[in-house]
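Give the three-dimensional model of this entry:
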Amino acid sequence: MFGSVKGFEPVGNYAKEKVKNRKFQYGKDVQCSSDLLVAIIILEQAIQELAQLEDQWKEEHQASLKSFSQGEDMAWIQECEEMIMYHRNLGDWVGRILYHLEVRLPRGTLKNSYDKLREDPTWYLRKELVKDCVAKDGQLFELRDLMVENLNDPDPTYLLAMADAYFLPPETPGLKGNVVRMCKQIKKAFKIN
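Numbers count the residues shown, from 1 in each chain. Okay, here's the model as predicted:
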């Protein structure tokens with residue numbers, strides 16, 4: 001009924017299961033709870049949002065320092081510094097929680113794909129994620145409840161798209177066809193059925 005474009009498939013009667021009992025199949029033998037995927041996606045987005053907010057406060061701080069000589073209020077500069085540290089510390093805390101969830105990912109192909117994707121520092125600029133951000137009009141925290149609602153919807157279409165974007169490494173054009181051809185040649189050369 002529901003299908004993933006790339007790697008995840010809902011298990012069983014997904015739409016009728018309670019949220020905590022919903023699972024996805026990844027590949028042939030890896031199952032993962034949908035609520036673990038949802039939590040990781042939400043924390044990943046929170047870390048990106050906190051980093052953006054920290055950067056905004058840094059810009060405000062720099063601007064305030066430049067205008068300090070022109071009478072900028074020292075209290076405002078200190079508030080900017082406090083907000084930078086607040087967002088940095090909060091991001092670190094969320095990162096530690098995320099780490100504890102990441103270690104719960106099933107070992108093997110899913111965890112390897114997830115880790116491989118994170119090796120690219122621009123992974124969060126994937127077209128699926130940019131498209132999702134644009135659809136939200138760039139609003140971040142304001143749409144958190146709507147995003148959680150979409151991720152936990154009985155129709156897993158949105159979660160499948162986000163899970164693929166957050167967990168699967170980008171496809172290399174033509175690589176799959178080349179690998180298949182190579183495997184067929186090896187099977188034939190070694191007479192493997």
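
Residue 117 and residue 125 touch, don't they?
No - counting by Cβ atoms under 8 Å, residue 117 does not reach residue 125; the two are 11.8 Å apart. Backbone N, C-alpha and C define where each C-beta goes, glycine included.

Can you tell me how far residue 108 is from residue 157?
26 Å (Cβ to Cβ, to the nearest Å).

So for residue 98, what's the nearest residue that isn't a sequence neighbour?
Leaving aside its sequence neighbours, residue 98 sits nearest to residue 43 (Cβ to Cβ, 6 or more residues apart in numbering; 4.3 Å).

hang on, the earlier thing: which of residue 117 and residue 125 has more residues huddled nearby?
For residue 117 versus residue 125, neighbours defined as other Cβ atoms under 10 Å are more numerous around residue 117 (17 against 10).

Could you pull up phi and psi at the more buried one?
Here is the backbone geometry of residue 117 (degrees, to the nearest 10): phi -60, psi -40.

wait, what's in contact with it?
Contact partners of residue 117, counting by Cβ atoms under 8 Å, 6 or more residues apart in numbering, are 123, 166-170.

ditto for residue 12
For residue 12, the contacting residues are residue 23, by Cβ under 8 Å, 6+ apart.

what's near enough to touch the residue nearest to residue 98?
By Cβ under 8 Å, 6+ apart, the residues touching residue 43 are 94, 97-98, 101.

These into TSV, with extra columns for neighbour count?
Below are the contacts of residue 43 laid out as TSV (neighbours: other Cβ atoms under 10 Å):
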residue	neighbour count
94	18
97	14
98	17
101	15
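
Now tabulate those in TSV and tack on distance to residue 47 and pLDDT.
Shown next, in TSV, are the contacts of residue 43 (distance: Cβ to Cβ, whole Å; pLDDT from 0 to 100):
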residue	distance to residue 47	pLDDT
94	5	90
97	10	92
98	7	90
101	12	90
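
Okay, and which of these map to helices?
94, 97-98, 101 (DSSP state H).

so which of the residues you listed would you say is closest to residue 84?
The closest of those to residue 84 turns out to be residue 94 (Cβ to Cβ; 15.9 Å).

how near is the closest one to residue 21?
Distance of residue 94 to residue 21, given as Cβ to Cβ: 26 Å.

same check, this time on residue 60
45 Å.

And for residue 10?
Applying Cβ to Cβ to residue 10 and residue 21 gives a distance of 12 Å.
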